[in-house]
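In: Have a look at this prediction, sequence included:
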Amino acid sequence: MSSPTSTLKGVAVIGDGAVGKTSLLIRGALGKCPDPEVYIPTVANNYCIAVAQDGSVGEADDDTMASNVVKLCVYDTAGQEDYLRLRPMAYANAHVILICFAVDDPESLNNVVDKASNKAVQQRNT
């Protein structure tokens with residue numbers, strides 16, 4: 001049996017503040033939903049998780065996963081205007097940019113269409 005191999009990929013998660021970026025990540029990585037009544041704005045958080053070929057998820061440094069893994073370094077960016085200057089650091093290391101918006105907030109969709117997605121593409125291409 002061959003030894004497990006891993007590939008490292010960066011994922012930048014962008015969108016307006018309070019659209020659910022961090023909640024989406026917590027749900028995907030940990031399988032639980034954060035309390036919807038508690039909102040703590042994110043400035044910048046990084047999470048690293050390992051996703052195995054069989055679909056199992058573990059810690060990025062978990063050497064017990066049996067199959068080939070993709071290690072995802074997820075850059076959870078701030079959505080508030082005051083912190084937009086921090087986003088380019090996440091873009092620089094991203095192989096994937098996950099653009100989020102709130103389905104109950106049309107303005108958040110307009111913002112990602114008009115601003116965030118264009119800036120992400122521009123930054124990624126530099």
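Out: Everything's here; your move.
In: Next, the buried residues of stretch 99-111.
Out: Within stretch 99-111, the residues scored as buried using 16 or more other Cβ atoms under 10 Å are 99-101, 108-109, 111. All C-beta spots, glycine's among them, are computed from the backbone N, C-alpha and C.
In: Select from those every entry located in helices.
Out: The members of the buried residues of stretch 99-111 that map onto helices under DSSP state H are 108-109, 111.
In: Can you check which helix is longest in the chain?
Out: Max-length helix for the chain by DSSP H is helix 21-30.
In: C-terminal to it, what's the next element?
Out: The helix or strand immediately downstream of helix 21-30 is strand 44-52, counting by DSSP states H and E.
In: Give me the helices and strands touching that next one, please.
Out: helix 21-30, strand 57-59, strand 69-77 (3 or more Cβ pairs under 8 Å, 6 or more residues apart in numbering; DSSP states H and E).
In: What pairs with it, parallel or antiparallel?
Out: Strand 44-52 pairs in its sheet with strand 57-59 (antiparallel), strand 69-77 (antiparallel), by DSSP bridges.
In: From the chain's centre, how far out is the longest one? Work that out for me.
Out: In terms of Cα atoms, centre = their mean, to the nearest Å, the gap separating the centre of strand 69-77 from the centre of its chain is 6 Å.
In: buried sites along the very next helix or strand once past that strand?
Out: Under the assignment DSSP H and E, the closest C-terminal helix or strand after strand 69-77 is helix 87-92. Neighbour-count burial for helix 87-92 flags 87-88, 90-91 (criterion: 16+ other Cβ under 10 Å).
In: For helix 87-92, what is the distance to the chain centroid?
Out: Here helix 87-92 is found 12 Å from its chain centre; the criterion is Cα atoms, centre = their mean.
In: measure N45 to C73 for me?
Out: 11 Å (Cβ to Cβ, to the nearest Å).
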